[in-house]
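In: The following comprises the amino acid sequence and a computationally predicted model.
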Amino acid sequence: MSVIHVSGITKVYRQYKRFPGLLGSLRSLVTRKYVEEVAVRNISFSIKEGEAVGYLGPNGAGKSTMIKMMTGILVPTSGELKVLGSTPHKARRQNSQHIGVVFGQRSQLWWDLPVQDSFDLHKHIYKLSESTYKANVNYYTELLSLSSFIEKPVRQLSLGQRMRVEIAMALLHEPKILFLDEPTIGLDVVAKEQIRQFLKTINREKKVSIILTTHDMKDIEEICHRMIVVSKGNMVYDGSVENLRKKLGDQRKVIIYFREEPGSIELPELKLIEDEGLRKAYLFEQKDRTVFDCVSQIAAKYSVEDASIESVDIDSVIRKLYKKLEEEQAN
Ligand SMILES: Nc1ncnc2c1ncn2[C@@H]1O[C@H](COP(=O)(O)OP(=O)(O)OP(=O)(O)O)[C@@H](O)[C@H]1O
């Protein structure tokens, strides 16, 4: 069953054109010319119950705009959008009962209140029963290790602690879908990992559907089985990381440990990407020969101690996709 259905959605921002200077300001008032910007262009996809989907794209690609339309904050210019069967901006109150929203860059908490009081307010706003509320506060306090700071005012929390509280609060009313806009932004590696593990757990155990935007590919790799990539408002990919890898041409990282400096190795399939003396890493790109052929040829000619072949990380896959898009747009 699909929980989100997006069909031909477009969002055009329209802003009045501003002319520079004092006379320009007057002119802006009188002429009222406006400029249009298409932030989301004719996008369609469906998300099934329990899916975890990464929504990616370079800066300004239209990710936040899409999240804002799905959460009912913004109204699409055209197209059809259904979240749990209703149109988000027309049924905001009803929609908010079934979704949880976390914006990494904006807090939804009461700055001067202790965390516990923010939770209590949430209970009243969402009209939660005492038993559901207590069970959920206990569950998330345990799973997100909130107990040491639950009595503290939000403004005294570290960014990592605050993000854990934001996510717990977004889930207290047991939403079916959780939207997260850059949930790991600015966090250290340990805090990021804690959030990823938590999101994986609630996706698995509570079957909460997750839609998340991020610039951190590890978030995608660990949490999402599917990713949607957008660029300049257009959808450019929808599928698994693995399929994207295949689509972009099979690349591997070949690491060779030499016994002595080999000098420069000229093979069209291999590009030197890391040079640490006797340890060298190459990017292998499939041309006419297999990676094994290339490594064997090197081993036959040079004194090789050891070698390993790895899949390239998802960062490199996405970098390659963005570069390809840039080149296509330049032509
Ligand atoms: N309120 C607005 N009025 C006019 N233009 C806007 C508005 N909000 C966003 N835009 C423009 O729409 C485009 C898409 O913006 P959006 O914030 O959705 O991108 P994003 O993919 O979330 O970017 P980032 O990764 O930088 O957060 C950008 O060109 C942006 O300048």
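Out: Perfect, thanks for sending it.

In: distance between the lowest-mean-pLDDT helix or strand in the chain and the chain's centre?
Out: Lowest by mean pLDDT, DSSP states H and E among the helices and strands of the chain is helix 21-31, with a mean of 75. Put simply, helix 21-31 sits 40 Å off its chain's centre (CA atoms, centre = their mean, to the nearest Å).

In: Over to stretch 212-226?
Out: That offset, for stretch 212-226, works out to 5 Å (CA atoms, centre = their mean).

In: Can you list the neighbours in contact with the following helix or strand past the least confident helix or strand of the chain?
Out: Later in the chain than helix 21-31, the nearest helix or strand by DSSP states H and E is strand 34-48. The contact list for strand 34-48, computed with CB atoms under 8 Å, 6 or more residues apart in numbering, reads 1-17, 53, 62, 65-66, 69, 76, 79, 209, 211, 228, 230, 232-235, 238. The C-beta positions use only the backbone N, C-alpha and C, and glycine is treated the same way.

In: Val12 reaches Thr77, doesn't it?
Out: Yes - using CB atoms under 8 Å, Val12 is in contact with Thr77, at 4.5 Å.

In: Looking at those two, which has the bigger crowd around it?
Out: Using other CB atoms under 10 Å as the criterion, Val12 and Thr77 rank with Thr77 on top: 17 against 14.

In: residue contacts, the more buried one?
Out: 10-12.

In: what's the answer for Ile256, then?
Out: 279-282, 295, 298, 304, 306-307.

In: Pass me the low-pLDDT residue ranges in the chain, would you?
Out: Within the chain, the segments meeting pLDDT under 70 span 32.

In: Point out the residues in it that sit beside the ligand.
Out: Residues of the chain lying near the ligand by CB under 6 Å from any ligand atom: 13, 15, 37, 39, 57, 59-65.

In: swap the cut-off to 5 Å and go again
Out: 13, 39, 59-65 (CB under 5 Å from any ligand atom).

In: Buried residues in stretch 236-255, which are they?
Out: 236-238, 241, 244-245, 248, 251-255 (16 or more other CB atoms under 10 Å).

In: And stretch 212-224, by the same measure?
Out: 212-214, 216-224.

In: Can you check the distance spanned by it, start to finish?
Out: 9 Å (CA to CA, to the nearest Å).
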